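1. Turn this into a structure:
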Amino acid sequence: MTEKTWGWTSFWVSMLLVGVLIGLWVLESQRKPEIKMQLTSLTGECPSSTDTSDTNDCGVDTWLKDNWYSLSKRENDEPSKGIEIPTGIFIQSLKFDSASEVNLTGYLWQTFSKKKLADIGKQLVWTTAFEKEIAEATRDKIRDNGFVIFPEEVSSSNTRIILTDEILLKKEQTTGTEEVLKDNILSDSRLQNDDDEVLFIWYFDTTLRQRFHYDEYPFDTKKVWVKMWPKSFGSRGIILIPDLASYKDTNTDAIFGIEKEIVWGGWERKNTFFDYECSSYDTTFGVGNFLDLKKLEANLSCWWKGNTELKSIYPTLRYNIVVKRKFLNAFIINFIPLFVVAMLLFGLTMMVTGNQAKTNKFGLSTSGIIASCSALFFTVMLSHIQLREQFEGAGFIYMGYFYLLIYLLILMVAINSYLFSVGWSSRLGIIPYKDNLIPKVVFWPFLLGAMVIITLIAFWHFLIGSAVVIITLIALGWGVKSIAKRSSGLTKT
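-> Alright, predicted model coming up:
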């Protein structure tokens with residue numbers, strides 16, 4: 001093969017690899033985040049653990065019946081139902097303060113009936129008043145102190161939960177069996193009927209610490225969740241349920257409970273939904289005894305099958321916001337500088353020659369190439385350090401592998417320049433072949449091929465990436481062997 005043929009072969013192979021790499025990036029950017037379960041209605045069915053369909057919508061009552069109320073079921077007994085408090089949330093702003101902290105502001109509301117207020121007051125022993133006064137006393141306690149805490153808040157002293165509205169909702173009978181809801185009644189009105197309800201609306205500003213995964217940066221997807229607990233552990237029978245009726249649409253593809261004009265910066269919103277997390281603790285916080293998981297039904301999802309430990313299980317209501325990073329911003333910040341460095345390294349490789357006239361024309365010696373590689377190394381290293389500081393505590397990330405690849409390329413360019421200058425020749429004769437032709441034509445196919453393999457392993461499947469690596473090594477071995485034979489034939493001639 002002539003040098004021109006070698007050059008065109010390298011060009012088209014590189015273009016093919018560029019196309020494959022872009023295709024993999026497009027597929028990854030279009031991949032939808034995996035969501036196991038979404039609470040979309042009050043009474044809908046939930047998919048079973050053996051269900052292979054794509055549906056993941058679930059009803060609140062069905063989930064609680066299967067996964068929580070059954071915990072209290074004994075032989076021949078019906079599951080007992082707890083005190084369900086409808087809870088809603090609306091997010092006004094969202095900001096990532098660091099790699100593991102997110103600041104949220106918005107509104108939180110809860111609705112309590114007179115009967116529920118009385119039941120809560122009796123269980124939490126907030127008052128010793130007569131039963132008819134317990135509801136009002138509990139109402140006053142909730143008004144002053146709120147009834148929700150965020151267990152993942154970073155600093156409670158900086159968290160603000162401010163009561164903005166208290167509205168009495170009275171249900172009055174009309175003709176027939178219909179009920180009319182009369183709202184906007186003054187908050188100082190008394191709760192008279194058991195069906196009368198009081199609505200509390202709070203404004204909150206809190207910073208939550210969560211564990212985010214950055215393995216796939218800059219194609220990563222984040223699920224920001226807001227965990228909500230009742231403000232007292234005094235009763236395990238108090239359950240927060242999502243106030244789905246307060247939202248226009250809560251289907252699996254709907255986005256609700258968040259400001260449409262929110263400033264996202266480098267993120268784009270993908271989905272919002274409610275779900276339950278089965279929190280497992282090795283203590284009951286002094287309330288009751290441990291629940292023995294060995295006595296529970298085997299199809300419940302609040303624990304791992306086969307677990308024989310004693311755990312305290314509690315369903316935690318979560319509001320989830322799924323966001324995906326915008327690729328373009330990260331591409332400009334990280335990929336373009338690395339691409340420029342790769343171009344400079346390729347230029348240094350092209351300057352390696354045994355032609356003295358070209359060497360004088362380039363004005364660059366072996367020591368100059370090594371010095372240039374050293375300068376590029378420190379430039380890339382500083383950028384890499386900045387990236388690691390941005391995701392402090394994270395393991396290896398997808399973007400980080402490209403920095404390692406550039407480090408390897410810098411080292412290979414420097415070694416190639418030195419070996420060529422000292423006239424080193426291996427048994428295969430790759431470096432001196434046609435004035436260092438092989439490193440020049442292999443540069444881009446090697447770099448782009450390595451990027452394709454890294455992408456396959458990181459996003460798709462380790463076995464697929466390994467198969468590509470093996471095939472690539474076989475092809476390279478065959479090519480090197482052919483070059484060695486050709487080089488040996490030219491030497492004999």
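2. So for V102, what's the pLDDT?
-> On the pLDDT scale, V102 is placed at 90.
3. neighbours of it, just the number please.
-> By the criterion of other Cβ atoms under 10 Å, V102 has 22 neighbours. All C-beta spots, glycine's among them, are computed from the backbone N, C-alpha and C.
4. same thing with the one 5 residues further on?
-> For Y107, the number of neighbouring residues by other Cβ under 10 Å comes to 16.
5. now swap in M343 and tell me
-> If you count neighbours by other Cβ under 10 Å, M343 ends up with 11.
6. Confirm that it sits in a helix.
-> Yes: residue state for M343 (DSSP: H, G, I helix; E, B strand; the rest coil) corresponds to a helix.
7. who's C58 bridged to?
-> On the basis of DSSP bridges, C58 is bridged to L39.
8. May I have the phi/psi pair for V224?
-> phi -90, psi 120 (degrees, to the nearest 10).
9. Touching, it and N320? I think so.
-> Yes: between V224 and N320 there is a contact under Cβ atoms under 8 Å: 7.1 Å.
10. For H213, grab phi and psi.
-> For H213, the backbone dihedrals (degrees, to the nearest 10) come out as phi -110, psi 130.
11. Kindly apply the preceding question to K223 instead.
-> With angles defined as degrees, to the nearest 10, K223 sits at phi -110, psi 110.
12. Distance of it relative to Y319?
-> Between K223 and Y319 the computed distance is 11 Å (Cβ to Cβ, to the nearest Å).
13. And for L199, the neighbour number?
-> Neighbours of L199 (other Cβ under 10 Å): 19.
14. what kind of secondary structure is P439 in?
-> Going by three-state DSSP: P439 is helix.
15. picking that back up, who has more neighbours, K223 and Y319?
-> The neighbour count for K223 versus Y319, taken as other Cβ under 10 Å, is higher for Y319 (26 against 18).
16. what's across from the more buried one in the sheet?
-> Counting by DSSP bridges, Y319 forms beta bridges with V226, F274.
17. what's it in contact with, if anything?
-> By Cβ atoms under 8 Å, 6 or more residues apart in numbering, the contact list for Y319 reads 89, 91, 225-226, 228, 242, 257, 272-274.
18. Quick check: it vs N334, distance?
-> For Y319 relative to N334 (Cβ to Cβ), the value is 32 Å.
19. Then I239?
-> 45 Å.
20. Then Q110?
-> When distance is defined by Cβ to Cβ, Q110 is 44 Å away from N334.
21. next one: K65
-> In terms of Cβ to Cβ, K65 sits 49 Å off from N334.
22. which of the contacts of Y319 lies closest to Y398?
-> Using Cβ to Cβ, W225 is the member of the contacts of Y319 that lies nearest Y398, at 23.4 Å.
23. count of neighbours near the closest one?
-> Residues near W225, counting by other Cβ under 10 Å: 20.
24. Please give me every residue in contact with it.
-> Per Cβ under 8 Å, 6+ apart, neighbours of W225: 210, 277, 318-321.
25. try 7 Å
-> Residues in contact with W225 (Cβ atoms under 7 Å, 6 or more residues apart in numbering) are 210, 318-320.
26. Spatially, and excluding backbone neighbours, which residue is closest to N271.
-> Nearest residue to N271, sequence neighbours excluded (Cβ to Cβ, 6 or more residues apart in numbering): V322, at 4.1 Å.
27. In the helix or strand in which the one you found is found, which residues are buried?
-> Per DSSP states H and E: V322 is located in strand 312-325. Across strand 312-325, burial judged by 16 or more other Cβ atoms under 10 Å covers 312-315, 317-325.
28. next SSE after that strand?
-> helix 327-330.
29. Please enumerate the helices of the protein.
-> For the chain, the helices defined by DSSP state H occupy 3-30, 60-67, 114-124, 131-145, 327-330, 336-350, 356-362, 366-390, 398-421, 437-455, 462-492.
30. Quick check: end-to-end length of stretch 386-404?
-> Taking Cα to Cα, to the nearest Å, stretch 386-404 runs 14 Å from one end to the other.
31. what mean pLDDT does it have?
-> Mean predicted lDDT for stretch 386-404 stands at 85.
32. could you point out where the stretch 1-150 of the chain is predicted with low confidence?
-> 1, 48-55, 68-81, 122-136, 139, 143-145 (pLDDT under 70).
33. one more time with 50
-> Across the stretch 1-150 of the chain, the ranges flagged by pLDDT under 50 are 72-79, 127-128.
34. Of K65 and N334, which one has the most company?
-> More crowded of K65 and N334, by other Cβ under 10 Å: N334, with 20 against 15.
35. May I have the residues that are in contact with the closest residue to the more buried one other than its chain neighbours?
-> Closest residue in space to N334, ignoring its immediate chain neighbours: M399 at 5.5 Å, by Cβ to Cβ, 6+ apart. By Cβ under 7 Å, 6+ apart, M399 lies in contact with 217-218, 334, 387.
36. got TSV for the contacts of W225, with pLDDT and distance to G423 too?
-> Converted to TSV, these look like this (pLDDT from 0 to 100; distance: Cβ to Cβ, whole Å):
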residue	pLDDT	distance to G423
Q210	87	59
R318	92	67
Y319	94	69
N320	93	64
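37. hmm, which two among the residues you listed are most spread apart?
-> Going by Cβ to Cβ, the pair spanning the contacts of W225 furthest: Q210 and Y319, at 13.0 Å.
38. domains of this protein?
-> Structural domains assigned to the chain are 3-29+328-492, 35-325, following automatic domain parsing.
39. What is the neighbour count of G395?
-> By the measure other Cβ under 10 Å, the count of residues near G395 is 9.
40. any idea how far it is from V442?
-> 31 Å.
41. swap in L24?
-> 22 Å.
42. The nearest residue to W460 once chain neighbours are set aside - how many residues pack around it?
-> Distances taken as Cβ to Cβ, 6+ apart put L24 closest to W460, at 7.7 Å, once the chain neighbours are dropped. A count of neighbours around L24, defined by other Cβ under 10 Å, yields 18.
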